[in-house]
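Trainee: Quick one, what's the 3D model for this:
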Amino acid sequence: MSTAAALFKRPIFGRSNAPKPSNSDLRRHTAATDSVICLLDRRGVITAITGNAVIVLGTAFDRATELNLRLADLLDAEDTASLEARLASLLETVAANDAFRLRCRAAGTAIRWFDISGRNMFADPDVDALLVELRDVTETAEQQALDGIISAAFRDTPDRVVITDRMGVVRWVNGSFERITGYRSEECIGRTTAMLKSGRHRAEFYEGMWGTLTAGRPFAAEFINRRRNGVIYHEDMAITPIRDAAGEITHYVSIGRDITERKALEVHAEDRAYFDELTGVSNPRLLRERSRQLLALARRHGKSAALVHIDINRLRSLNQTHGRDVGDAILCSVADRLKQGLRESDTLARLAGDEFLVLLSEVADEESTARVVRRLKDSVCKPYRINDRTLTLEAHVGVAMYPADATTFDELTQCAENAMSRARHSTTPFEFYRTELSELAHQKLSLEDDLSWAWDHDQFVLHYQPIVGARTGLVLGAEALARGNMTNLDGHANWPKLDGGMMSPAHFIPLAERTGRIVALDRWAIATAVKQASAWGNHGWSGWVSVNLSARSLHDADLPAYIARTLDAQGLQPERLVVEVTESSAMRDPAATAAVLRALKQVGVIVAVDDFGIGHSSLAYLKHFPVDVLKLDASFIRDIGVDSKDELLLEVMIGLAHRIGAEVVAEGVETQNQRDWLTDAGCDYIQGYLVGRPAPPEALAKGTIIKLA
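Mentor: Below is the predicted model of the structure:
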């Protein structure tokens, strides 16, 4: 017999000949149970109810018996029909029982959950009613619903979830864990997560993890784990301690995401930035970085070093005769032979198609260097066996010594190249740089004088290359300015020579940096571009113009104020000026760069990253620098339709840029196929010879009209 039924038996209310329990009887016995108990007649009208109904169900229940109300009337059930049907069913059979849960809105209260149980007691002379008990289970029901939602979220999330006890023993895993690791749930329960260890982490890593967790703090890190089939995978994981009501740690919940594919893309991007894709040896960028360290050590310890320039002869003719595959195989063999003849402290780099550079560390003198160089050349010139053919090569080799010939990497490179050029006309196996080759120094001195004269006489000009929307047509020339169709422009400084030609920025920018004029040149370019953009704005053009900043300008604390003054003087909106930075300049001092770029953002100008994707620290831009525009390097664009890996990287970089709210400009677009692919990939703007070459402002205003479909 239930507690509710027992409340209405004669032992409580009196002997069997006593009157049936009244509403006042129920009120006196409210304390007998924490449920609301009521009696219903055959019509469902409430004839008695416990006094706690006012507290549990609301004030309307205080007069339920006086008003002859039905339970369904007062509860205002979300499913009234269901409640009435249940009660009607109880009335049909004597001694019938029923229990169910309903969501109801008691009078004047919010919606709540009730467990309702009823019993037909019309055959019992002590009760002679339908006895109904209501228990408020809102908190329990909502918690169960929440637990169900959490369980479903853990179960269905693409991230893998593991719950362990405080000793690290697995108690539950979700489906993603099974998919990612290859372990079935029944294989994991009762084991520790040590089954995933790859051996790639040191003991200190796990000691730090457990020290953090047992102290009650969450632990997050990148794990290198091993799947059931033995394959290594990378996982971004966060582990959280779970405490009981007493504050004791009882379990740990770890949530991890498989980032193996992302890590592979990062490694591939790093390899592209620092290693030659064909031969696997260093590229000039990595060689330059290593040279800084090597030459610094040599200078500190008074040691000598050597740079060897090796030019492979006959490779082009072999490509034409036997095919490109044969030429590539030979290049790989050349690289392998050169590596075998070097020490770990030496660096081999592929400079161009058939040229290599070797940086030899800590050489004693020219004589010992000559022995190494002779051995390298002999190994390169030995016959090659490719596809059942025996092929031979020749090589021209030039050598420059540090510090005897030059003290910087750029100067060493030029000296070694001059020596290699002399070796082409020499009968000796190789040539060392000699003082008679010092014409380079005289040329540099003359060029510095010319640069000084050109600066003093305002000889520099700014050319502009169009940047257009990838999905829109383009009209160049005067009509473009009038219509505003020439979306944006990229400014390039140029130096007209006296013979009518044009000095490339690649030649005079390093000279300007070395002579300290680069900051003034950057300010001139900014002022010129702003003035030109303002003038074109009077003709209806509303695009933006971009200017590159050098590494030294990124340390110019007054640069933001100068730009603000220049924009104000010309009446140009700040958002129409783009300042571009490259990794090589920005990453020399990331903290200083970030400070200057933040100050520029306060001025209101747009910040762009030039040559994005080729540098080791490219992703650092997105974390540390306020970036509005990413300009994809032309080396990626060049291989569209040729290299699927480059296409995948482009898609990733475009998607990543859009995710952080940046726009994307593709540089070096030369073909309609490249443009179409970039458009489909979601690229915002294109720049390159397909659109237009850099040109002076008057040429852009008067040039031939060209339209892209």
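
Trainee: Please count neighbours and contacts with C-alpha atoms only from this point.
Mentor: Noted.

Trainee: Not counting stretch 191-203 itself, show me its contacts.
Mentor: 164, 168-170, 181, 224-228, 232 (CA atoms under 8 Å, 6 or more residues apart in numbering).

Trainee: In PyMOL, how would I select just the buried ones from those?
Mentor: Per 16 or more other CA atoms under 10 Å, the buried members of the contacts of stretch 191-203 correspond to this PyMOL selection:
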select buried, resi 164+168+169+170+181+224+225+226+227+232
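
Trainee: how about TSV for the contacts of stretch 191-203, with pLDDT, distance to residue 99 and secondary structure added?
Mentor: Below are these laid out as TSV (pLDDT from 0 to 100; distance: CA to CA, whole Å; DSSP: H, G, I helix; E, B strand; the rest coil):
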residue	pLDDT	distance to residue 99	secondary structure
164	90	37	strand
168	90	42	coil
169	91	40	strand
170	90	38	strand
181	92	45	helix
224	92	53	strand
225	93	51	strand
226	92	51	strand
227	92	49	coil
228	91	48	coil
232	91	54	strand
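
Trainee: out of the contacts of stretch 191-203, who's nearest residue 521?
Mentor: Comparing the contacts of stretch 191-203 against residue 521 with CA to CA places residue 224 closest, at 48.7 Å.

Trainee: residue contacts, the closest one?
Mentor: Neighbours of residue 224 in contact, by CA under 8 Å, 6+ apart: 197-198, 200-201, 232-235.

Trainee: rerun that using 6 Å as the cut-off
Mentor: By CA atoms under 6 Å, 6 or more residues apart in numbering, residue 224 lies in contact with 233-234.

Trainee: all strands of the stretch 551-700 of the chain, in order?
Mentor: Taking DSSP state E, counting those that start in this stretch as the criterion, the stretch 551-700 of the chain carries its strands at 577-582, 606-612, 629-632, 663-666, 685-686.

Trainee: outside of the fourth one, which residues touch it?
Mentor: Outside of strand 663-666, the residues that reach it under the criterion CA under 6 Å, 6+ apart are 629-632, 683-687.

Trainee: so is residue 288 in a helix, a strand, or just coil?
Mentor: What DSSP: H, G, I helix; E, B strand; the rest coil gives for residue 288 is helix.

Trainee: Tally up the residues packed near it, please.
Mentor: Counted with other CA atoms under 10 Å, the neighbours of residue 288 add up to 17.

Trainee: my read: residue 327 touches residue 319, true?
Mentor: Yes. Between residue 327 and residue 319 there is a contact at 5.2 Å, judged by CA atoms under 6 Å.

Trainee: Can you pick out the residue with more neighbours from these two?
Mentor: residue 327 (22 against 15).

Trainee: got a pLDDT number for that one?
Mentor: pLDDT for residue 327: 82.

Trainee: Likewise for residue 518?
Mentor: Looking at residue 518, its pLDDT reads 80.

Trainee: before we move on, what about residue 317?
Mentor: 68.

Trainee: repeat for the one 3 residues further on
Mentor: The per-residue pLDDT reported for residue 320 equals 66.

Trainee: any idea how far the helix or strand where residue 465 lies is from the chain center?
Mentor: Secondary-structure assignment from DSSP states H and E places residue 465 in strand 461-469. Counting by CA atoms, centre = their mean, to the nearest Å, strand 461-469 is centred 30 Å from the centre of its parent chain.

Trainee: For it, buried residues please.
Mentor: Across strand 461-469, burial judged by 16+ other CA under 10 Å covers 461-469.

Trainee: Next: stretch 405-419.
Mentor: By neighbour count on 16+ other CA under 10 Å, the buried set for stretch 405-419 is 405-406, 409, 411-419.

Trainee: Could you do stretch 188-195 as well?
Mentor: For stretch 188-195, burial by neighbour count (16+ other CA under 10 Å) applies to 188-189.

Trainee: Ok, stretch 645-661 next?
Mentor: Buried positions in stretch 645-661, judged by neighbour count with 16+ other CA under 10 Å: 646-647, 649-651, 653-655, 657-658.

Trainee: and what of stretch 417-427?
Mentor: Along stretch 417-427, these residues count as buried under the neighbour rule (16+ other CA under 10 Å): 417-424.

Trainee: and what of stretch 237-252?
Mentor: In stretch 237-252, counting by 16+ other CA under 10 Å, buried: 237-242, 249, 251-252.

Trainee: again with stretch 390-408
Mentor: Per 16+ other CA under 10 Å, stretch 390-408 contains these buried residues: 392-393, 395-403, 405-406.

Trainee: now the residues you listed as JSON lines including distance to residue 550?
Mentor: Formatted as JSON lines, the buried residues of stretch 390-408 follow (distance: CA to CA, whole Å):
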{"residue": "392", "distance to residue 550": "46"}
{"residue": "393", "distance to residue 550": "42"}
{"residue": "395", "distance to residue 550": "38"}
{"residue": "396", "distance to residue 550": "36"}
{"residue": "397", "distance to residue 550": "34"}
{"residue": "398", "distance to residue 550": "32"}
{"residue": "399", "distance to residue 550": "31"}
{"residue": "400", "distance to residue 550": "29"}
{"residue": "401", "distance to residue 550": "30"}
{"residue": "402", "distance to residue 550": "28"}
{"residue": "403", "distance to residue 550": "28"}
{"residue": "405", "distance to residue 550": "28"}
{"residue": "406", "distance to residue 550": "25"}
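
Trainee: Take the residues you listed and lay them out in JSON lines including secondary structure.
Mentor: Below are these laid out as JSON lines (three-state DSSP):
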{"residue": "392", "secondary structure": "coil"}
{"residue": "393", "secondary structure": "coil"}
{"residue": "395", "secondary structure": "strand"}
{"residue": "396", "secondary structure": "strand"}
{"residue": "397", "secondary structure": "strand"}
{"residue": "398", "secondary structure": "strand"}
{"residue": "399", "secondary structure": "strand"}
{"residue": "400", "secondary structure": "strand"}
{"residue": "401", "secondary structure": "strand"}
{"residue": "402", "secondary structure": "strand"}
{"residue": "403", "secondary structure": "coil"}
{"residue": "405", "secondary structure": "coil"}
{"residue": "406", "secondary structure": "coil"}
